[in-house]
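Asks: Fold the stuff below for me.
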Amino acid sequence: MAKINMFWYKVPFGKKNFGDELGPYIVKKLSGQRIAYIPLLHNTLSKKSLLAYPAALYARKMNGTDIVDNLKFLFSNKGVLITVGSIIGWYSSPKCIIWGAGIMASDQNINKATFCAVRGKFTQKRLRELGLNPPAAIGDPALLMPLLYNPEIKAQFKLGIIPHHFHYEEVKKREDSKDILIINLLEEVEKVIDDMLSCEIVISSSLHGIIIAHAYNKPCIWVNLSAHSIGGDDIKFADYFSSVNIIPYERFSFNLKDYDDAFIEKIHHIIKENPQISLPEQSTIATRQSELIQSAPFEVLDIYNPATDS
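Replies: Presented below is the predicted three-dimensional model:
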């Protein structure tokens, strides 16, 4: 079977973070090809490059098949695909191919690569500042998920709360209503989506919690759920918002000990009063989906490619 070389961030020791795992899930579904995890993102076989392998093995980010794939990669001219995530500044090899990744910080350094699509307008802007040519296509590939996995699930909860995986345990302790579901981003991709679809509305401190809710036409706002930072300067949120015509806004903060029924009512009111930030136009989502499909640097299966429809 043909394979696609990819890099994505892996949580150590066998755990899987939803936002990072979306990349290989999406590319595998769209292409029908096997995905090979390649941690080597540097231009030469330097000490830094070679140390990536024992580190990945120790953290259980690689297995035997991955090792074989990487040995083949070292002696080939094939590129490495980088997709979902704020990881556009993680490489130095021009063999990297960017499709939907974005910046983590406004002053992010970005090296030369093949740019097929980036997450949003702020990543485009940063590429121009660095003298690089940005692609015309924008959008986070997570917006494609409803085309790949779209189960019929009835909403059972009035509110879904999606904390960044760093904050899950902290947030879970404050749950105080049978009508609230705290969604764990360390679950499998489809389980996270099933849980999100079982909620009427959603709030999230995780970027991909917001993106995936919007993709499935669920109202969702960006909130602060912890005093602990997840890194970066929040430009990744503005970057995504710019791609779906949402004016960037400050995240909502709540000084609460518990997430109870009164909190549910408060969130429903905020979303009702702020439709312009809680849900993009579905026509805009469709435009981003089309751009991503058309700019994909691999062959997309006919069932997902409108350009092949007769």
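Asks: In this structure, what helix or strand scores lowest on average pLDDT?
Replies: helix 47-58 (a mean of 67; mean pLDDT, DSSP states H and E).
Asks: Run a quick neighbour tally on Asp302.
Replies: 11 (other Cβ atoms under 10 Å). All C-beta atoms are positioned from the backbone trio N, CA, C, and that covers glycine.
Asks: try Asn150
Replies: 12.
Asks: I'd guessed Phe241 sits against Ile235; true?
Replies: No: with contacts counted by Cβ atoms under 8 Å, Phe241 stays clear of Ile235, the gap being 10.4 Å.
Asks: following the least confident helix or strand of the chain, which helix or strand shows up next?
Replies: helix 64-74 (DSSP states H and E).
Asks: Report the buried residues of that following helix.
Replies: 66, 69-70, 73 (16 or more other Cβ atoms under 10 Å).
Asks: do the same with stretch 171-182
Replies: For stretch 171-182, by 16+ other Cβ under 10 Å, it's 171, 174, 177, 180-182.
Asks: Report the lowest-confidence entry in the residues you listed.
Replies: Within the buried residues of stretch 171-182, pLDDT reaches its minimum at Arg174, with 79.
Asks: State the distance from that residue to Tyr259.
Replies: Taking Cβ to Cβ, to the nearest Å as the measure, Arg174 falls 5 Å from Tyr259.
Asks: mind listing what Ala56 touches?
Replies: By Cβ atoms under 8 Å, 6 or more residues apart in numbering, Ala56 lies in contact with 10, 39, 62, 66.
Asks: quick one: contacts for the last one?
Replies: Each residue near Asp66 by Cβ under 8 Å, 6+ apart is listed here: 36-37, 56.
Asks: Ile97 too?
Replies: Ile97 makes contact with 79-82, 113-114, 116, 297 under the criterion Cβ under 8 Å, 6+ apart.
Asks: Could you give the secondary structure assignment for it?
Replies: strand (DSSP: H, G, I helix; E, B strand; the rest coil).
Asks: got it, and Gly100?
Replies: When classified by three-state DSSP, Gly100 comes out as strand.
Asks: Quick check: the residue lying closest to it once chain neighbours are set aside vs His269, distance?
Replies: Counting by Cβ to Cβ, 6 or more residues apart in numbering, Gly100 lies nearest to Pro141, which is 4.1 Å off, once chain neighbours are set aside. The spacing between Pro141 and His269, counted by Cβ to Cβ, is 33 Å.
Asks: Then Gln276?
Replies: 15 Å.
Asks: can you pull out the strands in the stretch 1-150 of the chain?
Replies: Here the stretch 1-150 of the chain has its strands, by DSSP state E, counting those that start in this stretch, at 3-7, 34-37, 80-82, 96-101, 114-118.
Asks: So which of those is the most surrounded?
Replies: The highest mean neighbour count among those, using mean count of other Cβ atoms under 10 Å, belongs to strand 96-101: a mean of 27.
Asks: In TSV, list the strands of the stretch 1-150 of the chain along with distance to Lys15.
Replies: Formatted as TSV, the strands of the stretch 1-150 of the chain follow (distance: least, Cβ to Cβ, whole Å):
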stretch	distance to Lys15
strand 3-7	18
strand 34-37	15
strand 80-82	21
strand 96-101	21
strand 114-118	27
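Asks: Which one of these lies nearest to Asn133?
Replies: The stretch from these with the least distance to Asn133 (Cβ to Cβ) is strand 114-118; that distance is 7.1 Å.
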